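A.B. asks: model this:
(one chain, ligands or ions: 1)
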Amino acid sequence: MNLFVVATPIGNLGDITFRAIEILQSVDLVAAEDTRTAKKLFAKFDIHTPFTSFHAHSTNRSAEKLVEKMKSGKSVALISEAGTPGISDPGFALIQKAIAAGIEVVPIPGACAAVVALSASGLPIDKFLFLGFLPRKKGKKTLLESLRGEQRTVVFYESPHRILKTISELRETLGDERKIVFARELTKMHEEFFRGNLAEAVSFLNSKKVRGEFTVVLGGNRK
Ligand code: SAM
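C.D. replies: Modelled structure (predicted):
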């Protein structure tokens, strides 16, 4: 049977699609990264499908068990805590094993914080580079230096605890003028966009304690 890779909302539950609800209601099993978020989603949309936990620390064996279920005729939907499974979220190993076992993998599209942030960033998005979460230590400096000549818009995820450090390091590496956008709490009640350059971004982050979820969009090196 099928493996459905189902995108779920990144905050506002109204962003789920009709198709996602139908699939989650009709599959035999939902493999969920976070069972608490899944329970909330299921309660809101009248979904009564059994679910199992499938997260970043799930073993190869749990992915294999799910593949065995699908081979025996069961359909499975994969959901992550929020957004599109596999995008800086678990899913890759299961999707890869399912494909290798000849199972049809069907994407059910929806929200992805990186794409949502890009869409309203106001920076050129005809081409972009997605970096997921930046390395915390090893390799970070080299990666930031590699962005000096990068002409494409760059998008990455960052936690509120590290954002000031990362943006200060970016400013040291790329200078004051490079454009930057923070998309905070997208689709939620306190959604906020900051648009400016790296010098302004450091002042902004120094001026208040920041919280919530951040997606960062960095302008390319363009004249
Ligand atoms: N798979 C998810 C997706 O498709 O959006 C991304 C998962 S990743 C583990 C979580 C990170 O995405 C957060 O730390 C934050 O950087 C970003 N993110 C998720 N929801 C967000 C939101 N509502 N607003 C801004 N950034 C968000």
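A.B. asks: Contacts only, for the residue in the chain that the ligand sits nearest to.
C.D. replies: When scored by CB to the nearest ligand atom, the chain has Gly83 as its residue closest to the ligand, at 2.3 Å. Quick note: C-beta positions are derived from backbone N, CA and C, even for glycine. Residues near Gly83 by CB atoms under 8 Å, 6 or more residues apart in numbering: Ala7, Thr8, Pro9, Ile10, Asp89, Gly110, Ala111, Cys112, Ala113.
A.B. asks: So which of the residues you listed is the closest to Glu64?
C.D. replies: Asp89 (19.7 Å; CB to CB).
A.B. asks: for the closest one, helix, strand, or coil?
C.D. replies: Following DSSP: H, G, I helix; E, B strand; the rest coil, Asp89 is assigned to coil.
A.B. asks: Contacts only, for the nearest residue to it once chain neighbours are set aside.
C.D. replies: Of all residues not flanking Asp89 in the chain, Ser80 sits nearest, at 3.9 Å (CB to CB, 6 or more residues apart in numbering). Each residue near Ser80 by CB under 8 Å, 6+ apart is listed here: Thr8, Ala32, Glu33, Asp34, Gly86, Asp89, Pro90, Gly91.
A.B. asks: any idea how far Ala82 is from the residue of the chain most remote from its centre?
C.D. replies: What lies farthest from the middle of the chain is Ser72; by CA atoms, centre = their mean that is 31.0 Å. Look at Ser72 and Ala82: by CB to CB, to the nearest Å, they are 30 Å apart.
A.B. asks: Any regions of the protein where pLDDT drops low?
C.D. replies: For the chain, no stretch is flagged by pLDDT under 70.
A.B. asks: so where do the strands sit in it?
C.D. replies: Taking DSSP state E as the criterion, the chain contains strands spanning 2-6, 29-32, 51-53, 76-79, 104-108, 128-133, 153-158, 179-184, 192-197, 214-218.
A.B. asks: can you redo these as a markdown table with distance to the ligand and mean neighbour count?
C.D. replies: As requested, those are exported to a markdown table (distance: least, CB to the nearest ligand atom, whole Å; neighbours: other CB atoms under 10 Å):
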| stretch | distance to the ligand | mean neighbour count |
| --- | --- | --- |
| strand 2-6 | 11 | 23 |
| strand 29-32 | 13 | 24 |
| strand 51-53 | 16 | 16 |
| strand 76-79 | 10 | 26 |
| strand 104-108 | 12 | 15 |
| strand 128-133 | 7 | 15 |
| strand 153-158 | 3 | 20 |
| strand 179-184 | 5 | 22 |
| strand 192-197 | 9 | 15 |
| strand 214-218 | 4 | 25 |
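A.B. asks: Distance to Gly139 added to those, as TSV?
C.D. replies: Below are the strands of the chain laid out as TSV (distance: least, CB to CB, whole Å):
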stretch	distance to Gly139
strand 2-6	29
strand 29-32	31
strand 51-53	31
strand 76-79	29
strand 104-108	30
strand 128-133	11
strand 153-158	14
strand 179-184	21
strand 192-197	25
strand 214-218	17
